[in-house]
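> A structural model of the following input is requested.
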Amino acid sequence: MKLTILGCYAATPRTISNPTSQVLEIKNRVFLIDCAEGTQVQLRKSKVKFSKINHIFISHLHGDHFYGLVGLISTFMLLNRESDLTVYGPKGIKEIILLQLRASGSYTGYNLYFHELESNESETIFEDDRVVVKTIPLNHRIYTNGFLFQEKNIERKLNVEAVENYEIDKVYFNKIKYGGDITLDNGTIIPNSELTFDPQVAKSYAFCSDTMYDESIIPLIENVDYLYHESTFLESEAHLSERTMHSTAKQAATIALKAKVKHLILGHYSTRYGNIEYFKTEAQTIFPNVLLADDGREFEME
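Next comes the predicted model:
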C-alpha cells in the first residue's frame, strides 16, 4: 500500500504548495482522493499513470478539494480514454460537472459514472475481491465524508515446497490459496494448513478531511494502520478552528490516540505558518507516531 501526496495545503494554490489531492495504491488499485486545482500537474510530477485511475473519491464540494476534477475529466477525453471512470462524491457533484462539460461543448468518449452520497451514516461505496471502501461522515461546514480503505487479504500464501513434494498440479493452486484442502489420487486428504502460510495482515487507511474535532468518527477508524487527519491550525489558533470547523494538530493527535491508530499523517495546513514542523511538534505531545504530509511526499505503508 502506497500513498502519494499531490497536495495537502488549505484554501488556495500557491507556487510552492497545492491544495488537497492524493493517490492511494492498494492491492493493484489506484484511487484518487480529492482533486483540487493543479492535480493534473502533480500527477505528472509524481509519474502516476492517468489510465490507472478508475475511481475518484471527493470528500466535499469546497473548491480546494474538487476544482481540478472537470479539468482532469476533460484531459482523460483528450487522451482518448476508453475505460470507465466512477466519481464518488456529495449529491450535486454530477450536476456541477455535467453543466461544465455541456457549457464547454466537451463530451467524454468513455463511460462517466457518478455515485452521489447523502447519507449521514457510514456506508460501503466500493467493494471488489481485493479492497473495500467505506465513508466516514465528517463534521464540517457543508456535507463532507472521509473515506476508509481496507485490504481484503483472504488469499493465503502458497507453500511451494509442500505442493511440489505432494506433486499437486498447478490447476489446484487457486483453490489452495483460498483455503481449500486437496485430495490426492490415493484418497489422502492434505489439509490446507500444510500447503499454505498465513496471509499478510490486511492494511487499512483512513482519510479524514475536512472536519472539526469529532469523536464520533473514532469507532469507524479504530486500529487503522494509517490515519490522515486534517490539522489546519496550531493550538494558538484554536479559536479559528472552531469558527471554520477545522482541526488543530493537537486535536488530530487526540483522535489518533483515542482511536488507537498506528500512524498519524497530518495535512491540510493553513498557509499562515512558515514551517510545517510546528504541526508535528505539537501533535507529538499527544501521540508519538506522527508523519507530515507534504506535496510530492510518498508513504510506503508497511
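
> all helices for the stretch 1-150 of the chain, in order.
39-45, 63-66, 69-78, 93-103 (DSSP state H, counting those that start in this stretch).

> Show me what the shortest one is packed against.
Helices and strands in packing contact with helix 63-66 are listed as strand 29-35; criterion 3 or more Cβ pairs under 8 Å, 6 or more residues apart in numbering; DSSP states H and E. All C-beta spots, glycine's among them, are computed from the backbone N, C-alpha and C.

> Just want the angle from the strand it packs on to helix 69-78.
140 degrees (axes from the mean of the first three to the mean of the last three Cα atoms, to 10 degrees).

> check contacts around the residue nearest to Phe173 when sequence neighbours are not counted.
Computed as Cβ to Cβ, 6 or more residues apart in numbering, the closest residue to Phe173 that is not its neighbour in sequence is Leu158, at 6.2 Å. The contact partners of Leu158, taken as Cβ atoms under 8 Å, 6 or more residues apart in numbering, are 173, 176-177, 195-197.

> Among those residues, which one is most surrounded by other residues?
Counting neighbours by other Cβ atoms under 10 Å, Leu195 leads the contacts of Leu158 with 26 neighbours.

> just checking, it touches Tyr178?
No. Applying Cβ atoms under 8 Å as the test, Leu195 and Tyr178 come out as separate, 11.6 Å apart.

> what residue of this structure is the furthest out?
Asn186 (49.4 Å; Cα atoms, centre = their mean).

> in a strand, that's where that one is, yeah?
No. Secondary structure of Asn186 (DSSP: H, G, I helix; E, B strand; the rest coil): coil, not part of a strand.

> What values do phi and psi take at it?
Backbone torsions of Asn186, given as degrees, to the nearest 10, read phi -90, psi 10.

> where does it land on pLDDT?
As summarised for this prediction, Asn186 has a pLDDT of 92.

> likewise the one 4 residues further on?
Predicted confidence (pLDDT) for Ile190: 94.

> ok, now Pro19?
pLDDT, read off for Pro19, is 98.

> next one: Thr281
At Thr281, the pLDDT recorded in the model is 98.
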